[in-house]
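Q: pasting the structure only:
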């Protein structure tokens, strides 16, 4: 049993561990909610509800990160890179971020995805997350910098690169 009586009593390492627990709990809740909707209403309706939810949540998450990280308005690829590193699931999924030589493009590549891994453990098919991801990542990037256009390079159900669960490209437009 930990000696801490409240969060403020935790050490840095304990706070990092708790952050990971919170991220896993949030993602588990998201998954439980989705599976309940899928079982009751079917995959198409569950995806529609999930898309609506992400459209709202991703903007809130991005706005709070802009404030916390003091990114300012329209912080470009560097701002998006930093914000992606601080998303709720950043500590529990393995990813990589590559900024193009021109500084106007950013590729976000997810190498490990807890959502898809959990579905596979339950012997469920991959979640066809592309349509939700288009909204989630598109709105997140546009909130960070309204000049971004988003593009899905690879994502279930259309995997074009089997080395990653998904790949998203963000391009700054004038």
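A: Cool, got the structure. Everything numeric in this text was worked out from a predicted model, so none of it was measured. Numbers count the residues shown, from 1 in each chain.
Q: Count the neighbours of residue 78 for me.
A: Neighbour count for residue 78, taken as other Cβ atoms under 10 Å: 13. Any C-beta I mention is one placed from the backbone N, CA and C, and that applies to glycine too.
Q: where do the helices sit along the chain?
A: 12-41, 43-69, 76-85, 114-121, 130-144 (DSSP state H).
Q: just checking, what packs against the last one?
A: Applying 3 or more Cβ pairs under 8 Å, 6 or more residues apart in numbering; DSSP states H and E, one finds that helix 130-144 contacts helix 43-69, helix 76-85, strand 148-154, strand 166-172.
Q: buried stuff in stretch 85-102?
A: 87, 88, 89, 92, 93, 95, 99 (16 or more other Cβ atoms under 10 Å).
Q: Take those residues and keep only those in strands.
A: If you go by DSSP state E, those have 95, 99 in strands.
Q: CSV please, covering the buried residues of stretch 85-102 and showing pLDDT.
A: Below are the buried residues of stretch 85-102 laid out as CSV (pLDDT from 0 to 100):
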residue, pLDDT
87, 95
88, 90
89, 86
92, 89
93, 90
95, 95
99, 97
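Q: from the buried residues of stretch 85-102, which single one is nearest residue 124?
A: Proximity of the buried residues of stretch 85-102 to residue 124 (Cβ to Cβ) peaks at residue 93, which lies at 18.3 Å.
Q: Show the contacting residues for that closest one.
A: 110, 111, 112, 113, 114 (Cβ atoms under 8 Å, 6 or more residues apart in numbering).
Q: These: which two are farthest apart?
A: Of all pairs in the contacts of residue 93, the most separated under Cβ to Cβ is 111 and 114 at 11.7 Å.
Q: Which of those two has more residues huddled nearby?
A: residue 114 (17 against 12).
Q: ok, now how distant is residue 147 from residue 69?
A: Distance of residue 147 to residue 69, computed by Cβ to Cβ, to the nearest Å: 18 Å.
Q: between the helix or strand of the chain with the lowest mean pLDDT and helix 12-41, how big is the angle?
A: The weakest-scoring helix or strand in the chain, judged by mean pLDDT, DSSP states H and E, is helix 114-121 (a mean of 86). Relative orientation of helix 114-121 versus helix 12-41 (axes from the mean of the first three to the mean of the last three Cα atoms, to 10 degrees): 60 degrees.
Q: Distance from the chain centre to helix 114-121, please.
A: Centroid separation for helix 114-121 versus its chain: 15 Å, with Cα atoms, centre = their mean, to the nearest Å.
Q: What helices and strands are in contact with that helix?
A: Against helix 114-121 (3+ Cβ pairs under 8 Å, 6+ apart) you get helix 12-41.
Q: what angle sits between the helix it packs on and helix 43-69?
A: Going by the same axes, to 10 degrees, helix 12-41 makes 160 degrees with helix 43-69.
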